[in-house]
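Asks: missing the sequence, but the structure's below:
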Ligand SMILES: [Zn+2]
């Protein structure tokens, strides 16, 4: 039995999943009510408290935690986590494992969601998969040869920070650099451009009939131009068989999903790249981390050889 946690800037979600993929105990509460100083004892008490019976606790053999953070190469030390600053500089895996006497794995939340979506797929068909989550920023996850790929220092697949332009009006990215893909193909971009275009425009309605307001139409077109540029770059480098697209922006009212599919295919001239590619939209929403935890557990077992 795997106990899964997803710690976000606002909410902390928990769920349990067994070997058959049966999900239970789904719960959601405010992060601020759980992640408080001293962090490790409070977090440990919370984790133990959410499992209802001693028997369920005994059967829990792995705790998987997704956090919105950069985690060091040792998959333990939390380097940077602007949305949940109290987690920073903790040896989260090690300390929580000691406090609870359980195996603990800590990983980036986008990677955990990517594993969740991957768990639903026909793995004989899809060994190389890219997931792109368009929200406030642009988060990405990468499966290569059937395994989560995180790079040499857990910073692989940061496609949101692909540089996109070198002339014209420039846009600062949240990371501090200029003109990253995320500075254009994200909810932050939409919001910023809307504010600059008129007080009467609302973010929630940006994708609703953009043809009726040229200001909205222009913003949406620019957003898709950059998204197309970024997706093309990703597909050209990695030649995946599947692109998964999800995130808060994709789920907004009126979001034209077909334009994402067009963005993926329109620039791909090479027929072999095109023929092999499928595009799908993320299915699991805020439960993805639970399925991702099961998938991660399976992958770790495989690596150990049983
Ligand atoms: Zn950036």
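Replies: Noted; the coordinates are in hand. Predicted model, so just to flag it, every value in this text is computed and none were measured.

Asks: model confidence for the closest residue to residue 178 other than its chain neighbours, exactly?
Replies: Spatial nearest neighbour of residue 178, excluding adjacent residues (Cβ to Cβ, 6 or more residues apart in numbering): residue 170 at 5.0 Å. All C-beta spots, glycine's among them, are computed from the backbone N, C-alpha and C. For residue 170, the model assigns a pLDDT of 88.

Asks: sec struct for residue 170, please.
Replies: coil (DSSP: H, G, I helix; E, B strand; the rest coil).

Asks: what is the burial count for it?
Replies: As a burial measure, residue 170 scores 10 neighbours (other Cβ atoms under 10 Å).

Asks: could you pull up phi and psi at it?
Replies: Per-residue torsions, residue 170: phi -100, psi 160 (degrees, to the nearest 10).

Asks: okay, it and the ion: tell me how far apart.
Replies: 12 Å (Cβ to the ion, to the nearest Å).

Asks: please apply the same query to residue 160.
Replies: In terms of Cβ to the ion, residue 160 sits 6 Å off from the ion.

Asks: I'd say that residue and residue 180 touch.
Replies: Yes: in terms of Cβ atoms under 8 Å, residue 160 counts as a neighbour of residue 180; the distance is 6.2 Å.

Asks: quick one, which of those two is more surrounded?
Replies: Using other Cβ under 10 Å as the criterion, residue 160 and residue 180 rank with residue 180 on top: 26 against 23.

Asks: ramachandran angles for the more buried one?
Replies: phi -60, psi 160.

Asks: and for residue 60?
Replies: Dihedral angles (degrees, to the nearest 10) for residue 60: phi -80, psi 110.

Asks: contacts only, for it.
Replies: Neighbour list for residue 60: 1-3, 16, 51, 102 [criterion: Cβ atoms under 8 Å, 6 or more residues apart in numbering].

Asks: likewise for residue 18?
Replies: Contacts of residue 18 by Cβ under 8 Å, 6+ apart are 1-2, 24.

Asks: from residue 24, how far out is it?
Replies: 8 Å (Cβ to Cβ, to the nearest Å).

Asks: list the buried residues for stretch 246-257?
Replies: 246-247, 249-250, 252, 255 (16 or more other Cβ atoms under 10 Å).

Asks: no no, stretch 289-304
Replies: In stretch 289-304, counting by 16+ other Cβ under 10 Å, buried: 289-297, 299.

Asks: what about the closest residue to the ion within the stretch 1-150 of the chain, neighbour count?
Replies: Using Cβ to the ion, the single residue of the stretch 1-150 of the chain nearest to the ion is residue 137, 8.6 Å away. Residue 137 has 24 neighbours, counted by other Cβ under 10 Å.

Asks: ok, residue 182 next?
Replies: Other residues within reach of residue 182, judged by other Cβ under 10 Å, total 28.

Asks: looking at it, residue 110 is touching residue 138, isn't it?
Replies: No: applying Cβ under 8 Å as the test, residue 110 and residue 138 come out as separate, 9.8 Å apart.

Asks: who has more neighbours, the two?
Replies: residue 138 (31 against 27).

Asks: doesn't residue 187 make contact with the more buried one?
Replies: No: between residue 138 and residue 187 there is no contact under Cβ under 8 Å: 9.1 Å.

Asks: and the lowest-mean-pLDDT helix or strand in the chain, which residues are buried?
Replies: Sorted by mean pLDDT, DSSP states H and E, the helices and strands of the chain end with helix 271-276, the least confident at a mean of 81. Neighbour-count burial for helix 271-276 flags no residue at all (criterion: 16+ other Cβ under 10 Å).

Asks: most neighbours among the contacts of residue 18, please name it.
Replies: Counting by other Cβ under 10 Å, top hit in the contacts of residue 18: residue 2 with 23 neighbours.

Asks: which ones are touching that residue?
Replies: Taking Cβ under 8 Å, 6+ apart as the test, what residue 2 contacts is 16-18, 60-64, 293-294, 297.

Asks: ok, 10 Å please
Replies: The contact partners of residue 2, taken as Cβ atoms under 10 Å, 6 or more residues apart in numbering, are 15-19, 60-64, 103, 105, 290, 292-298.

Asks: who in this protein is up against the ion?
Replies: With Cβ under 5 Å from the ion as the criterion, the chain meets the ion at residues 161, 173, 175, 177, 180.

Asks: partner residues bridging the last one?
Replies: Here residue 180 shows beta-bridge partners residue 163, assigned using DSSP bridges.

Asks: ok, it touching residue 188?
Replies: No: using Cβ atoms under 10 Å, residue 180 is not in contact with residue 188; the gap is 11.0 Å.

Asks: having no further points to raise, I will conclude here.
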